[in-house]
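>>> take a look and give me a structure for this.
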Amino acid sequence: GTVAGILLFFAPLGRVTAALGRMNGLGLISIMPAAALAGIALLALTFVAALGLSRAKPLLLGATLVAIVVCLDGVTSIAEPEPRFPTAYWIAGFVDYIARTGHTAPELSAYFSWPGFFYLVALAEHAVGSSNLIPVMRIWPLAMDLLCLVPMGMIASRMRASWRAKWFAVFIFSVGNWVGQDYFSPQSLNYLLYLFFIALLLIYFGRTGLGAPTGGS
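Residues are numbered from 1 along each chain as shown. Reported below is the predicted structural model:
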């Protein structure tokens, strides 16, 4: 079901790029082929079906969950010719300014008052020897959403709940995550760090004895 869902989703995406001009107020879903929508539905059904097994299958559940995130959050990287959003290009401009001059300019924009993210990206640019941020901006949303699965898994592991409830909680987080908060920006990285902070608090400073109920359901 996972493999079939991925194939159904990505096979017709070439037609989406050609139809971008017909997109209406509903967004990308208004021009998505029926096969692609069926593919993501099949992935969701596969995940729910895996929750009905007598024992947890972490490899199957994890692979299906990653596939769902790739489909939902990676579709724009494939179907659209340029990265979203306009604000991402604005932020890239701050990075470029710091990379070229080596300093900030708070008098030009208040954004320079919290330059940590811009300095970090500029340092990465210098390390790899490239100043082209377009590929980074294109893959950034998908990378952030996939990385968020790591702290969410850590948080779920501390829940006093069955394995089904834990996996379903991460599923709800993934499919219900607000699309648009994950673009190339300081707040998307801060959100990831926030989740890791909560996860570390729960793991190393949380109360002990909060494992899953012994019933195993």
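>>> hey, which helix or strand in this protein has the poorest pLDDT?
helix 13-18 (a mean of 82; mean pLDDT, DSSP states H and E).
>>> by contact count, what packs against that one?
helix 58-79 (3 or more C-beta pairs under 8 Å, 6 or more residues apart in numbering; DSSP states H and E). Backbone N, C-alpha and C define where each C-beta goes, glycine included.
>>> for this protein, which spans come out with low pLDDT?
Regions of the chain meeting the criterion pLDDT under 70 cover residues 178-179, 207-217.
>>> report the buried residues of the least confident helix or strand of the chain.
L13, V16 (16 or more other C-beta atoms under 10 Å).
>>> same question for stretch 146-166.
Per 16+ other C-beta under 10 Å, stretch 146-166 contains these buried residues: 146-149, 151-159, 161-164, 166.
>>> how far is that stretch from where the chain is centred?
Mean C-alpha position of stretch 146-166 versus that of the full chain (C-alpha atoms, centre = their mean, to the nearest Å) differs by 16 Å.
>>> same deal with stretch 24-32?
20 Å.
>>> show the end-to-end separation of it, please.
Stretch 24-32 has its terminal residues 12 Å apart, counting by C-alpha to C-alpha, to the nearest Å.
>>> who touches it?
Applying C-beta atoms under 8 Å, 6 or more residues apart in numbering, the external contacts of stretch 24-32 come out as V16, A19, L20, R22, M23, L37, V75, T76, A79, E80.
>>> switch the residues you listed over to a markdown table; also include distance to G206.
Shown next, in a markdown table, are the contacts of stretch 24-32 (distance: C-beta to C-beta, whole Å):
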| residue | distance to G206 |
| --- | --- |
| V16 | 44 |
| A19 | 49 |
| L20 | 47 |
| R22 | 50 |
| M23 | 45 |
| L37 | 40 |
| V75 | 36 |
| T76 | 36 |
| A79 | 41 |
| E80 | 41 |
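>>> which residue is nearest the middle of the chain?
D145 (1.4 Å; C-alpha atoms, centre = their mean).
>>> quick one, helices of this protein?
2-10, 13-18, 34-51, 58-79, 86-101, 116-128, 134-157, 163-176, 186-205 (DSSP state H).
>>> among those helices, which is nearest A110?
Taking C-beta to C-beta, helix 86-101 is the member of these nearest to A110, at 10.9 Å.
>>> mind giving me the packing neighbours of that closest one?
Using 3+ C-beta pairs under 8 Å, 6+ apart, helix 86-101 sits against helix 116-128, helix 134-157.
>>> name the residues that touch it?
Residues contacting helix 86-101 (C-beta under 8 Å, 6+ apart): 104-105, 109, 111-112, 115, 117-119, 121-122, 125-126, 131, 133, 137, 140, 183-186.
>>> quick one, which of these are buried?
The buried subset of the contacts of helix 86-101 (16+ other C-beta under 10 Å) comprises 104, 111-112, 115, 117-119, 121-122, 125, 133, 137, 140, 183-186.
>>> re the thing from before, could the helices of the chain go into CSV alongside distance to L28?
As requested, these are arranged in CSV below (distance: least, C-beta to C-beta, whole Å):
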stretch, distance to L28
helix 2-10, 13
helix 13-18, 7
helix 34-51, 10
helix 58-79, 7
helix 86-101, 17
helix 116-128, 27
helix 134-157, 13
helix 163-176, 16
helix 186-205, 19
